[in-house]
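K.L.:
How does the following fold in three dimensions:
(one chain, ligands or ions: 2)
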Amino acid sequence: ARAATPAGPTGPGRTADGHPVKLLANIGSAANVAGADEAGAEGVGLFRTELLFLDRSTEPGPDEQAAAYRAVFTAMAGRTVVIRTLDAGADKPLPFLRQEGEPNPALGVRGLRIARQRPDVLTTQLAAIARARADTGADVWVMAPMVSTVAEAAAFADAAHEAGLPRAGVMIEVPAAALRAAALLRVVDFLSIGTNDLSQYTFAADRMCGTLADLLDPWQPALLDLIGACGAAGREAGKPVGICGEAAADPTLAPILVGLGVTSLSMSARALPAVRAAVAGRSFDECRKLAQLALTAEDPAQARKLTT
Ligand code: PEP
Ligand code: MG
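P.N.:
Ligands and ions are numbered 1, 2, ... in the order given. Next comes the predicted model:
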């Protein structure tokens, strides 16, 4: 057995008995890298690229994109950066795509679905990411948002590999994708669970709707079931399965997520110290037992009561 080493404030995340859990930061630009460093992030688990595209009537060109990505990759040299391709539509409308007339944008053409109408936007972005990666020492992984099927995942992985990006994954934000996690892992290198959207689509509850907060609670057993299915698929395939939604920032929930088989937790930097301490406070076996208990609960309140 591995010697138990206490997790320091900046070292790699691990459980009390040394099981590794990567603790990563969510960022929107190079301006967030210093905060991630201060919090001891091992890398970036979600680089949201929308910021560059916001409030613009035209798409940023390949040079401008490559420069923005290079700024992050350079700052994170030697570490992992999971960069997400454009997640436009729904709660992140982008003027240059002129997506008018969708009666229900959350169920419309968003995330990777944009590539159905504008494959050029994806191709340009992947090429810019590949160029930026080539100039730096970062370990760059690329992933697509809002993926529902194996065919979508396979097409994305092909496009990423063709652009020269070796590590391609998809986000799990739609229940259909979580249910087919094992099949997705046959065509991609990793999964990252976006619990904000996965909650929204599992409970049919708008993520912007405060009055539905009880349905969007990350302790909902149905959400934990889907996370567990992804974790099990990852273990079986020997491939990473992370969480990059708000659920990863809940220190009380973190050991349960680890017990469900999740290999990394990515969150805003300020949440990292408490999550690091919570993961370090439990052995991997305890995490698994807590996860099993949480799955027996009938509702979030019971899940919390059984495990804390
Ligand atoms: C998510 O849906 O959980 C996620 C991380 O993506 P975003 O919040 O950017 O939609
Ligand atoms: Mg999302």
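K.L.:
Tell me which other helices or strands the host helix or strand of A182 touches.
P.N.:
Following DSSP states H and E, one finds A182 within helix 181-184. Applying 3 or more Cβ pairs under 8 Å, 6 or more residues apart in numbering; DSSP states H and E, one finds that helix 181-184 makes contact with helix 150-162, strand 167-172, helix 221-237. In short, each C-beta sits where N, CA and C put it, glycine included.
K.L.:
Phi first, then psi, for the most centrally placed residue in the chain.
P.N.:
In the chain, the residue lying closest to the centroid (Cα atoms, centre = their mean) is C244, at 3.3 Å. Per-residue torsions, C244: phi -130, psi 10 (degrees, to the nearest 10).
K.L.:
my guess is V174 contacts A144, does it?
P.N.:
No. Taking contacts as Cβ atoms under 8 Å, V174 lies outside contact range of A144: 11.8 Å.
K.L.:
Which one's more surrounded, the two?
P.N.:
Taking neighbours as other Cβ atoms under 10 Å, V174 and A144 compare with A144 leading, 28 against 22.
K.L.:
Low-confidence bits of the chain, can you list those?
P.N.:
Screening the chain residue by residue with the criterion pLDDT under 70, one finds the ranges 1-10.
K.L.:
Contact residues of it facing ligand 1?
P.N.:
46, 48, 87, 173, 194-197, 244-245 (Cβ under 6 Å from any ligand atom).
K.L.:
now those residues in TSV, with secondary structure?
P.N.:
Below are the residues of the chain next to ligand 1 laid out as TSV (DSSP: H, G, I helix; E, B strand; the rest coil):
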residue	secondary structure
L46	strand
R48	strand
D87	coil
E173	coil
G194	coil
T195	helix
N196	helix
D197	helix
C244	coil
G245	coil
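K.L.:
Considering these, which possesses the most neighbours?
P.N.:
Highest neighbour count within the residues of the chain next to ligand 1: C244, with 29 neighbours (other Cβ under 10 Å).
K.L.:
and that one, what does it touch?
P.N.:
Contacts for C244 (Cβ atoms under 8 Å, 6 or more residues apart in numbering) come out as 24, 26, 45-46, 82, 171, 192-194, 266-267.
K.L.:
Return the nearest residue of the stretch 1-150 of the chain with respect to ligand 2.
P.N.:
As assessed by Cβ to the ion, ligand 2 sits closest to P145 within the stretch 1-150 of the chain, at 5.6 Å.
K.L.:
right, and that residue touches V82 too?
P.N.:
No. P145 lies out of contact with V82 (Cβ under 8 Å); the separation is 11.7 Å.
K.L.:
The stretch 151-300 of the chain against ligand 2: which residues are in contact?
P.N.:
Contacts of the stretch 151-300 of the chain with ligand 2, taken as Cβ under 5 Å from the ion, map to 194, 197.
K.L.:
Show me the helices in the stretch 201-308 of the chain, by range?
P.N.:
If DSSP state H, counting those that start in this stretch is used as the criterion, the helices of the stretch 201-308 of the chain fall at 221-237, 254-259, 272-280, 284-296, 300-307.
K.L.:
all helices for the stretch 51-200 of the chain, in order.
P.N.:
62-75, 114-117, 119-134, 150-162, 175-179, 181-184, 195-203.
K.L.:
So which of those helices is nearest D214?
P.N.:
helix 195-203 (9.4 Å; Cβ to Cβ).
K.L.:
Which elements pack onto the closest one?
P.N.:
Looks like helix 195-203 contacts helix 175-179, helix 221-237 (3+ Cβ pairs under 8 Å, 6+ apart).
K.L.:
In JSON lines: those helices, plus mean neighbour count.
P.N.:
Listed next are those as JSON lines, based on neighbours: other Cβ atoms under 10 Å:
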{"stretch": "helix 175-179", "mean neighbour count": "19"}
{"stretch": "helix 221-237", "mean neighbour count": "20"}
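K.L.:
Let me have these in a markdown table, adding distance to L295 as columns.
P.N.:
Shown next, in a markdown table, are the helices and strands packed on helix 195-203 (distance: least, Cβ to Cβ, whole Å):
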| stretch | distance to L295 |
| --- | --- |
| helix 175-179 | 15 |
| helix 221-237 | 6 |
